[in-house]
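# kindly return the folded structure for what I paste below:
(one chain, ligands or ions: 1)
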Amino acid sequence: MNKINSKGLLTGAIIALNVLCNVSFTKAQDVIIPIETKDNALVLQVTDEKLLNMVYFGSKLSEKNEYANIAKIYKFGGSIGTYNNAYTTAGTRNLMEPAIAVTHADGNKSLELKYINHTVTKINDDVSLLSISLKDSVYDFEVTLNYQTYYNEDVTEQWSVIKHHEKKDVVLNKYASANLCIRAGSYWLKHYHGDWVKEMTPEEEQLNHGIKTLDSKLGSRTDLFQPPVFMVSLNKSATEDEGEVMYGNLEWSGNFRIDFEVDPANNLRLIAGINNFAADYNLKAGVEFATPKFVYTLTNKGKGEASRNLQTWARKYKIVDGNGSRLTLLNNWESTYFDFNEEKLAGLLKDTKKLGVDLFLLDDGWFGNKYPRNGDHAGLGDWEANKAKLPHDIAFLTKEAKANDVKFGIWVEPEMVNPKSELYEKHPDWVIKQPQRPEIYMRNQLVLDLSNPKVQDFVFGIVDNLFVKNPDLAYIKWDCNSVIFNAYSAYEKNQSNFYTDYVLGLYKVLDRLRAKYPKVPLMLCSGGGGRVDYGALKYFTEYWPSDNTEPIERVFMQWEYSYFYPAITSSNHVTDWGKQPIKFRVDVAMMGKLGFDVVIGKLKPAELAFCQAAVNTYKQFSEEIWHGDQYRLQDPRENDVASIMYVDPAKTTAIMFNYLVNNRYGAGSNMPIRLKGLNPDKMYTISEVNVFPGTRSTITEATYTGKFLMTIGLNPDVRENRASVLIAVKGN
Ligand code: DGJ
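Residues are numbered from 1 along each chain as shown. The predicted structure follows:
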């Protein structure tokens, strides 16, 4: 049991059950709140003026009493650095970027939050919640800061809950989820930009004084140009295995804003939350506004460890069925596009069986009657099966699937509408558009107004009806292909609430669906990876990283996604993109959740035999790929050969993926590649798997200690005509 000692220091193993700490202030700086995880501590300190400061974020100290000394040693730059830096307010003494800015009911814009008390709740052996209550002394306005720690994973989720009892609405002009103040010699930010088929393009830069902002104003498909993930290395750019590095991800599927301000005293102030652009939020008295969660991890062991922390946390606590299994599948998008009928689909269901995968996924184009969905210009919104293509409805397909002993899944894009649709004709007021301006389309479509509860019911109904009418339906791909132009809601009384309410409306729908269908696999797609974040992934089993399935591009893209998301969530489909042979394409897709989108009938017999065998090999190694620890061995941006491996939690089996990503003369694995994550004392037998029929492996099966494989390494012999090589590493 923890105790508050005479100095107000929270001692003991970090957590007590619902301890309410009401502290009396007798002398300066007498409350220290360390938030500890396995290796780290984030330390908050309350000053004698009851201001709350973050004084430390780094490796845990062995003597907890010493946390009280940190602020004396670190120089934060006097009042610049330590004025309420745990959640910086606006309109009083702070002149740095605020985490929160408000307009009170009387029009006044000042806020100064003071510490009232804190509680610590132990949720289970791993998870604890620290809630700190802060209040303004002039206005009846309060904020609770929440820090939920995942001890063994070294992960924290932080968010705030805002409430007031003023006479009228208070306008939240800025309402961040988290504010961190970090102290290091220098800061190196790695972040991402992109576009359609160019997702997760990395950039790294040293942060200089001033503010660097990562943000999105796209409304929906929010991550099209920039996702809400980043890493910050402290003192020097971290490598895979060395250096202090923090990863962050805002769990929000709408406009986000993450500010990195290096202040005049050289502190890094990180503020992450909903983007306040055109989004002043009107908050009624007595209503609690909970910001989205900001999740982060810190390690001093490099980027690899940080990613394994997040991946383990995500599988255990965030994504749906993270410790479960996934369905391999055959998708028809690139093999048919909109051009199919019952006969063609019945053939594809047979191909699904022939290939040996679990499920057939019917993509876009199956709906719309007055305005048939025969292209992307019509039909979105009219979710009845098209009578010409599917005269016997979806039931025909679930029945055929059953006859072939495979499962059936379907594509929807329920948040969207084509102007050429019955839905648009019937409910023009459900559509986001400016009443007096021309409509602006992305992919010939508009976005439905999910801030409107009637639209929420409609969107829920689309998916619910599919399941009710087709109880054997086993999978949904949920797409979202448009950003929000002309942001205006016919429903909202206050337009500035719209962007935030849109996302809250989407989450309400997904909450309802998950309450009714807790485990059914859902793929999160947004014209590629336009909506990959942990706010959405809470409801999904997997995501679609990009429409770009060119396999060399995919090696780079999947590499970058892997820093933040576990392989089990990455839907990788084998398609006809690129010039690489089928073996290369399948090998790359096997690094995550395997699927196919090729015409099976066009495969040569050896290619089909290879694919069938690969599906079996994939199933043999799914424990390592889905639930194992992932180690990036050689970065494609720095080497001719990219290499990545997965080890099962017991370190008994591993699989190593190697790809040639440079076609210059002589490029290949000229040096052995060191493995990671094995048991040094264990013997492992290595052999090549996924060998193409009619070719011979150049790898001789041999047995080595884990120590040997991790010190000397092994050479997968990757070169021009062995451009992708998979090595099985099996413990004896
Ligand atoms: C965009 C997705 O990213 C594709 O995979 C496909 O589902 C199309 N939409 C269908 O319109």
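# from here on, just use CA atoms for contacts and neighbour counts.
Will do.
# out of everything not next to it in sequence, what's closest to the residue of the chain found nearest the ligand?
Residue nearest to the ligand within the chain (CA to the nearest ligand atom): Gly527, separated by 3.6 Å. Counting by CA to CA, 6 or more residues apart in numbering, Asn481 is the residue found nearest to Gly527 once chain neighbours are left out, at 4.7 Å.
# looks like that neighbour contacts Arg221 (just checking).
Yes - between Asn481 and Arg221 there is a contact under CA atoms under 8 Å: 6.5 Å.
# anything in contact with each of those two?
Common neighbours of Asn481 and Arg221, counting by CA atoms under 8 Å, 6 or more residues apart in numbering, are 526-527.
# more neighbours: those two, which one.
Taking other CA atoms under 10 Å, Asn481 and Arg221 do not tie; Arg221 has more neighbours (26 against 22).
# is that one in a helix, a strand, or coil?
Under DSSP: H, G, I helix; E, B strand; the rest coil, Arg221 falls in the coil class.
# skip the chain neighbours and tell me the closest residue to it.
In space, Arg221 is closest to Gly530, 4.7 Å off (CA to CA, 6+ apart).
# for the one you found, give its distance to His377.
As judged by CA to CA, to the nearest Å, Gly530 and His377 stand 20 Å apart.
# also Gln620?
Gln620 is 43 Å from His377, by CA to CA.
# so these two - more neighbours on which side?
For Gln620 and His377, the more surrounded residue by other CA under 10 Å is His377, and the numbers stand at 17 against 11.
# now the more buried one: which helix or strand?
For His377, there is no host helix or strand (DSSP states H and E).
# right, and it touches Tyr441 too?
No - using CA under 8 Å, His377 makes no contact with Tyr441, being 10.3 Å away.
# looking at this protein, which helix or strand does the model trust least?
Least confident helix or strand of the chain, by mean pLDDT, DSSP states H and E, is strand 19-22 with a mean of 42.
# ok, which residues in the stretch 301-450 of the chain are in contact with the ligand?
363-364 (CA under 6 Å from any ligand atom).
# and what of the chain?
Residues of the chain that fall close to the ligand, judged by CA under 6 Å from any ligand atom: 363-364, 525-528, 547.
# can you pull the phi/psi pair for the residue lying closest to Lys293 once chain neighbours are set aside?
Computed as CA to CA, 6+ apart, the closest residue to Lys293 that is not its neighbour in sequence is Trp159, at 4.8 Å. Dihedral angles of Trp159 (phi, psi; degrees, to the nearest 10) stand at phi -160, psi 170.
# buried residues in stretch 643-650, which are they?
643-648 (16 or more other CA atoms under 10 Å).
# tell me which element Ile462 falls in.
If you go by DSSP H and E, Ile462 is part of helix 453-469.
# can you tell me what sits against that helix?
383, 395, 412, 414-415, 430, 448-450, 473, 505-506, 508-510, 512-513.
# go with 7 Å
383, 414-415, 430, 449-450, 473, 505, 509, 513 (CA atoms under 7 Å, 6 or more residues apart in numbering).
# do stretch 215-229 as well
Against stretch 215-229 from outside (CA under 7 Å, 6+ apart): 191-196, 248-250, 253-258, 480-484, 499, 526, 530-531, 533.
# filter the residues you listed down to the buried ones and hand me the PyMOL line.
Buried residues among the contacts of stretch 215-229 (16+ other CA under 10 Å), as a PyMOL selection:
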select buried, resi 191+192+193+194+195+248+249+250+253+254+255+256+257+258+480+481+482+483+484+499+526+530+531+533
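# among the contacts of stretch 215-229, which ones are in helices?
Under the assignment DSSP state H, these contribute Tyr499 to helices.
# find the nearest non-adjacent residue to Asp405, please.
Of all residues not flanking Asp405 in the chain, Lys353 sits nearest, at 7.1 Å (CA to CA, 6+ apart).
# helix/strand/coil for that neighbour?
Classified using three-state DSSP, Lys353 is helix.
# correct me, but it touches Val406?
Yes - contact between Lys353 and Val406 holds when scored by CA atoms under 7 Å: they sit 6.4 Å apart.
# what score does the most centrally placed residue in the chain have for pLDDT?
Nearest residue to the geometric centre of the chain (CA atoms, centre = their mean): Asp533, 3.1 Å. Note on Asp533: pLDDT of 98.
# over to the one 4 residues further on?
We have a pLDDT of 98 for Leu537.
# let me see the confidence value for the nearest residue to it once chain neighbours are set aside.
Nearest residue to Leu537 in three dimensions, chain neighbours excluded: Ile319, at 5.4 Å (CA to CA, 6+ apart). pLDDT recorded at Ile319 is 98.
# same check, this time on Ala86
pLDDT recorded at Ala86 is 96.
# and Leu726, helix, strand or coil?
Taking three-state DSSP, the label given to Leu726 is strand.
# can you count the residues close to it?
The burial count for Leu726: 23, using other CA under 10 Å.
# cool, the one 5 residues further on as well?
When neighbours are defined as other CA under 10 Å, Gly731 has 19 of them.
# Thr149: what's it in contact with?
37, 127-129, 155-157.
# could you confirm it falls within a strand?
Yes - under three-state DSSP, Thr149 sits within a strand.
# what's across from the residue nearest to it when sequence neighbours are not counted in the sheet?
Once flanking residues are discounted, Thr149 sits nearest to Thr156: 4.4 Å by CA to CA, 6+ apart. Beta bridges link Thr156 to Thr149, Tyr296 when assigned by DSSP bridges.
# check Thr156 and give its pLDDT.
98.
# what's the neighbour count on it?
If you count neighbours by other CA under 10 Å, Thr156 ends up with 27.
# again with Asn146
23.
# also Thr698?
A total of 12 residues lie near Thr698 under the criterion other CA under 10 Å.
# that one: which element?
Taking DSSP H and E as the definition, one finds Thr698 inside no helix or strand.
# for it, give its distance to Arg722.
9 Å.
# go on, Asn690?
With CA to CA as the criterion, Asn690 and Arg722 are 12 Å apart.
# with Thr201 instead?
Counting by CA to CA - Thr201 and Arg722 are separated by 27 Å.
# please, where are all the helices along the stretch 51-200 of the chain?
Using DSSP state H, counting those that start in this stretch, the helices of the stretch 51-200 of the chain run over 70-73, 78-82.
# rank those helices by pLDDT, which is bottom?
Among the helices of the stretch 51-200 of the chain, helix 78-82 scores lowest, with a mean of 60.
# circling back: which PyMOL command selects the buried ones in the residues of the chain next to the ligand?
In PyMOL, a selection of the buried entries from those looks like this (16+ other CA under 10 Å):
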select buried, resi 363+364+525+526+527+528+547
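# show me which of the residues of the chain next to the ligand is closest to Arg315.
Among these, Cys525 lies closest to Arg315 (CA to CA), at 19.0 Å.
# that closest one reaches Trp544, doesn't it?
Yes - counting by CA under 7 Å, Trp544 is a contact partner of Cys525 at 5.0 Å.
# centre of the chain to the helix holding Ile462, how far?
Centre-to-centre, helix 453-469 and its host chain are 25 Å apart (CA atoms, centre = their mean, to the nearest Å).
# just checking, what packs against the longest strand along the chain?
As assigned by DSSP state E, the longest strand anywhere in the chain is strand 170-183. Identification of packing neighbours for strand 170-183 by 3 or more CA pairs under 7 Å, 6 or more residues apart in numbering; DSSP states H and E yields strand 52-59, strand 100-103, strand 155-164, strand 267-274, strand 281-283.
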